[in-house]
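Undergrad: Build me a structure from this.
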Amino acid sequence: MGGGVGISIHAPIRIATENSVFSMPETAIGLFPDVGSSFFLPRLNHLNVPGTGEWLGLCGERIFGRDLL
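TA: Take a look at the predicted model:
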C-alpha cells in the first residue's frame with residue numbers, strides 16, 4: 001500500500017497472495033499519490049478496463065489478491 005506499491009511495482013518478479021492489498025490510501029485523506037505512482041497508475045488496466053489506475057489514485061480504493069493477477 002502506498003509507498004510499498006511504488007517501490008515494488010517496478011520489480012521483475014511480483015508475488016500476490018489472497019491477503020495482498022494494492023492501494024494508494026494517502027489519497028483518501030487528501031494527499032497526492034507519490035513514489036513514482038504518476039508513472040505506473042495511468043498504465044494500470046484491471047481486466048482491460050482503462051482508467052483503473054486513475055480511479056485508484058483519485059479515490060483511494062483497494063484492490064485485493066485475486067484482482068491483482
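Undergrad: Report the buried residues of the longest helix along the chain.
TA: The residue-count maximum for a helix in the chain (DSSP state H) belongs to helix 52-59. Residues 52-53, 55-57 are the ones in helix 52-59 that count as buried (16 or more other C-beta atoms under 10 Å). Quick note: C-beta positions are derived from backbone N, CA and C, even for glycine.
Undergrad: Would you mind pulling the contact partners of it?
TA: 22-24, 27-28, 33, 37, 40-46, 61, 63 (C-beta atoms under 8 Å, 6 or more residues apart in numbering).
Undergrad: try 10 Å this time
TA: 5, 22-24, 26-28, 32-33, 37-46, 49, 51, 61-63, 67 (C-beta atoms under 10 Å, 6 or more residues apart in numbering).
Undergrad: Now intersect these with the strands, please.
TA: 22-23, 62-63 (DSSP state E).
Undergrad: Hmm, Val5 is touching Ala16, no?
TA: No: judged on C-beta atoms under 10 Å, Val5 makes no contact with Ala16 at a distance of 11.7 Å.
Undergrad: Point out where this structure drops to low pLDDT.
TA: Residues of the chain meeting the criterion pLDDT under 70: 1-3, 32-35, 46-48.
Undergrad: Kindly recompute the last result at 80.
TA: 1-9, 23-50, 53, 56-60, 67-69 (pLDDT under 80).
Undergrad: Please enumerate the helices of it.
TA: Using DSSP H, helices in the chain cover 3-8, 37-40, 52-59, 65-68.
Undergrad: Burial check on the nearest residue to Ala28 once chain neighbours are set aside, number of neighbours?
TA: With C-beta to C-beta, 6 or more residues apart in numbering as the criterion, Ala28 has its nearest non-adjacent residue at 3.1 Å, and that residue is Gly60. Using other C-beta atoms under 10 Å, Gly60 has 19 other residues around it.
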